[in-house]
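Chemist: what would the 3D arrangement of this be:
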Amino acid sequence: MSIKRDIKYTNRDFTSLRNSLIDYTKTYFPNTYTDFTAASPGMMFIEMAAYVGDVLSFYVDNQFQETFIQYSRQTQNLYDLAYMLGYKPKATTSAIADIELYQQLPATISGSVTIPDFSYALQIPSNTPISSIFSGSLAFLITDKTNFAVSSSTDPTEITVYQTAGGLPTYYLIKKIRKAISATVKTRSFSFSSPIPFDSRTITDDKIIGILDITDSTTGDKWYEVDYLAQDSIYETLTNSNPNDPNYLNNPDVSNLLRLKQVQNRFATRFLDKTNLQIQFGSGDPSDTTEQIIPNPDNVGLGLPTNQSKLTTAFAPTNFIFTNTYGIAPSNTTLVVRYIVGGGVSSNVQANALQDLNTNTVTFINSSLANNNLAQQIFGTLLATNPRAASGGSDGDNIEELRQNSLGSFQGQLRNVTFDDYVIRSLSLPAEYGTVAKVYASKPDATSRSISTIDLYVLSYNNTKQLTNASNGLKRNLNTYLSQYKMISDSIGIKDAFIINIGINFEIITTPGSNSDEILLKCILALKNIFDIDKWQINQPILLRDLFITLDAIDGIQTVKEINFVNKTDSTLGYSDYSYDISAATANNVIYPSLNPMIFELKYPDSDIQGKVVPL
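Modeler: Residues are numbered from 1 along each chain as shown. Next up is the predicted model:
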């Protein structure tokens, strides 16, 4: 007859396990073994069993702890858990600096006007190196291409007279501003023979920032980086310059276009630790065909393994084809990998340190200049510097930063859910695709018969930083950009907000003995500051009480008698064609916007603010 024994499962350390085994022996084998002295053979076996139990308990606890990113301590596990939560750890962080680029241009006569001769303008390709004059080994990269002959609201060119003769300009100074990151380009080549599913290669180096590009040395084909191998489409940048290109849009404020493209040559990267970056390729299935696609109801769901039900399918903007190929694996070729390294705290260089510009790839826009001597002289005028110190460089994620950033990434998931998410993401559109100046998100009006679930009202700037309607190219780029982050059930309609131009007339009473002209100037400057277009958003009301308080606080003003707003409408003078009944929209010292999204703009502050001093 078996005896039911009382076994305790709560003991986990050596002492409690030893005592529990002693009690167990005394309870169930009272006559078999009674010598519990430290030197007895039985105690040796009891203590060995307690030792093994303590070790096993420690490793079970440790392994369980390593499955939670909040408590994990092993670097490899922290990196794995970070990727599981959707966060890509940073081995280093680049410093960022504003680079001012200068070149001189000779003057030329156009009609009767002296202007710069832009045929001598230079162009600097992307990823051009620039180094510190104090430490040549500390290099930066000017990431964007620079064309001194192009000027727009997103890429303004500053022109000043550099030299004159006889009262006329002979040389002009052209200035551009670009961003530069602390990085150096390095190259590695990897050879592949027969295709291996999910083949990988590892780059070992210090301060790896990421992959710049991967090119097939045999065919010249480009390989595209994706967040995960199941992502079958990428967002490609096209230069908006060729009128013969069907994607070309004649919009001066859009230098590049976004296009969604399905790719089979793709790879994903992941940091194994701070010095090892793994590159992983696809499964090797060559049946996937590269084609350009757009997300529409005709191709969403194409290639699903079963067409019985799509209700439980996890659609995403970056993966809606579901071809299950995971990209192809490279075979019988050599891939040339360019990657960038750098950053760190030491890369936060001081102001005016970055002046050694690499000019090996700098060229003239016009390749057939008539005056070679003048061309050489102009080429020698190319200068660069950073007027402010570089900032943002750090030594990558430490253990606690890795934990917190991973948890934050899991919570955010880069998805637009609320209206505020759409506003912030729209304002984050990269400048090369156009600049969105103002955004307002709302539900579609029930009477508008809109097929969208979210209406975005947008405006952009012209080249003098005045509000204007967004061009078709900008709207198209914004729609493509948002498609990466929107919920799959959301449909976005991008519309123009109304611009209401205003003028301000005010009357003040000054204190006796004060300078009226000086006080009027202070009032106008204060109103200019309040109505600076950077401070105004769509559907923002005008609070008259705040204006009275601001003007009353100016020294020399006894009282503000009145502030009146007028609507400016005359397209021949540059104003908006839309009129607005300001008096009807005013209540309780507040000028309210209309039901249709609109924005108040003081278009010409130098002339649209009129003030006068009146007697008491």
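
Chemist: can you show me the helices along the stretch 1-150 of the chain?
Modeler: Assigned by DSSP state H, counting those that start in this stretch, the stretch 1-150 of the chain shows helices spanning 14-28, 41-65, 75-84.

Chemist: got the CA positions of the first one in PDB?
Modeler: By that I understand helix 14-28. The C-alpha trace of helix 14-28 is given here as PDB (Å, rounded to 0.1, in the frame of the first residue of the first chain):
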ATOM      1  CA  PHE A  14      19.900  25.600  -0.500                       C
ATOM      2  CA  THR A  15      19.100  26.000   3.200                       C
ATOM      3  CA  SER A  16      15.300  25.500   2.900                       C
ATOM      4  CA  LEU A  17      15.800  22.600   0.600                       C
ATOM      5  CA  ARG A  18      18.300  21.000   3.000                       C
ATOM      6  CA  ASN A  19      16.000  21.500   6.000                       C
ATOM      7  CA  SER A  20      13.000  20.200   4.000                       C
ATOM      8  CA  LEU A  21      14.900  17.000   3.000                       C
ATOM      9  CA  ILE A  22      15.900  16.500   6.700                       C
ATOM     10  CA  ASP A  23      12.300  16.800   7.800                       C
ATOM     11  CA  TYR A  24      11.200  14.500   5.000                       C
ATOM     12  CA  THR A  25      13.700  11.800   6.100                       C
ATOM     13  CA  LYS A  26      12.700  12.100   9.800                       C
ATOM     14  CA  THR A  27       9.000  11.900   8.900                       C
ATOM     15  CA  TYR A  28       9.000   9.000   6.400                       C
END
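
Chemist: can I see the domain layout of this structure?
Modeler: The chain breaks down by automatic domain parsing into domains covering 14-65, 69-89+399-410, 96-183+343-385, 227-262+289-322+414-496, 500-613.

Chemist: turn the ones you listed into JSON lines, columns for distance to residue 331, mean neighbour count and mean pLDDT.
Modeler: C-beta coordinates here come from the backbone N, C-alpha and C atoms, glycine included. Below are the domains of the chain laid out as JSON lines (distance: least, C-beta to C-beta, whole Å; neighbours: other C-beta atoms under 10 Å; pLDDT from 0 to 100):
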{"stretch": "domain 14-65", "distance to residue 331": "39", "mean neighbour count": "13", "mean pLDDT": "91"}
{"stretch": "domain 69-89+399-410", "distance to residue 331": "27", "mean neighbour count": "16", "mean pLDDT": "85"}
{"stretch": "domain 96-183+343-385", "distance to residue 331": "29", "mean neighbour count": "17", "mean pLDDT": "90"}
{"stretch": "domain 227-262+289-322+414-496", "distance to residue 331": "17", "mean neighbour count": "16", "mean pLDDT": "74"}
{"stretch": "domain 500-613", "distance to residue 331": "54", "mean neighbour count": "15", "mean pLDDT": "93"}
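
Chemist: to residue 6, which of the ones you listed lies closest?
Modeler: The closest of the domains of the chain to residue 6 is domain 14-65. By C-beta to C-beta, the value is 7.6 Å.

Chemist: chain center to the closest one: distance?
Modeler: Averaged C-alpha coordinates place domain 14-65 at 59 Å from its chain's average position (C-alpha atoms, centre = their mean, to the nearest Å).

Chemist: quote the end-to-end distance of it.
Modeler: 20 Å (C-alpha to C-alpha, to the nearest Å).

Chemist: most centrally placed residue in this protein?
Modeler: Closest to where the C-alpha atoms of the chain average out (C-alpha atoms, centre = their mean) is residue 428, at 6.2 Å.

Chemist: so where do the strands sit in the stretch 301-450 of the chain?
Modeler: 333-341, 354-357, 363-364, 383-385, 438-442 (DSSP state E, counting those that start in this stretch).

Chemist: now distance to residue 65 too, for the ones you listed, in TSV please.
Modeler: Shown next, in TSV, are the strands of the stretch 301-450 of the chain (distance: least, C-beta to C-beta, whole Å):
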stretch	distance to residue 65
strand 333-341	34
strand 354-357	46
strand 363-364	59
strand 383-385	52
strand 438-442	43
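
Chemist: what's the closest of these to residue 174?
Modeler: Taking these one by one with C-beta to C-beta, strand 383-385 is closest: 10.9 Å.

Chemist: what sits up against the closest one?
Modeler: By C-beta atoms under 8 Å, 6 or more residues apart in numbering, the list of residues contacting strand 383-385 from outside reads 99, 100, 101, 102, 103, 130, 352, 354, 355, 357.

Chemist: one more time with 7 Å, if that's ok
Modeler: Here strand 383-385 makes contact (C-beta atoms under 7 Å, 6 or more residues apart in numbering) with 99, 100, 101, 102, 130, 352, 354, 355, 357.

Chemist: how much space separates the fourth one from residue 119?
Modeler: Counting by C-beta to C-beta, to the nearest Å, the gap between residue 102 and residue 119 amounts to 18 Å.

Chemist: same deal with the last one?
Modeler: For residue 357, the distance to residue 119 (C-beta to C-beta) stands at 22 Å.

Chemist: then the third one?
Modeler: Distance from residue 101 to residue 119, counting by C-beta to C-beta: 18 Å.

Chemist: before we move on, what about the fifth one?
Modeler: Computed with C-beta to C-beta, the distance linking residue 130 and residue 119 is 26 Å.

Chemist: doesn't residue 510 make contact with residue 558?
Modeler: Yes - using C-beta atoms under 7 Å, residue 558 is in contact with residue 510, at 6.0 Å.

Chemist: overlap in contacts, these two.
Modeler: Shared contacts of residue 558 and residue 510 (C-beta under 7 Å, 6+ apart): none.

Chemist: wait, what's in contact with the closest residue to residue 566 other than its chain neighbours?
Modeler: Among residues not flanking residue 566 along the chain, residue 503 sits closest, at 4.6 Å (C-beta to C-beta, 6 or more residues apart in numbering). By C-beta under 7 Å, 6+ apart, the residues touching residue 503 are 566, 568, 608.

Chemist: ok, now residue 481?
Modeler: The contact partners of residue 481, by C-beta under 7 Å, 6+ apart, come to 258, 429, 433.

Chemist: which one of those residues sits closest to residue 223?
Modeler: Checking the contacts of residue 481 against residue 223 by C-beta to C-beta gives residue 258 as the nearest, at 19.8 Å.

Chemist: and the gap between that closest one and residue 53?
Modeler: Using C-beta to C-beta, residue 258 is found at 61 Å from residue 53.

Chemist: how about residue 599, nearest residue that isn't a chain neighbour?
Modeler: Computed as C-beta to C-beta, 6+ apart, the closest residue to residue 599 that is not its neighbour in sequence is residue 538, at 4.7 Å.

Chemist: ok, residue 62 - contacts?
Modeler: Counting by C-beta under 7 Å, 6+ apart, residue 62 makes contact with nothing.

Chemist: repeat that for the one 3 residues further on.
Modeler: Residues in contact with residue 65 (C-beta under 7 Å, 6+ apart) are 71, 72.

Chemist: repeat that for 6 Å
Modeler: residue 71 (C-beta atoms under 6 Å, 6 or more residues apart in numbering).

Chemist: what's the answer for residue 29, then?
Modeler: By C-beta under 6 Å, 6+ apart, the contact list for residue 29 is empty.
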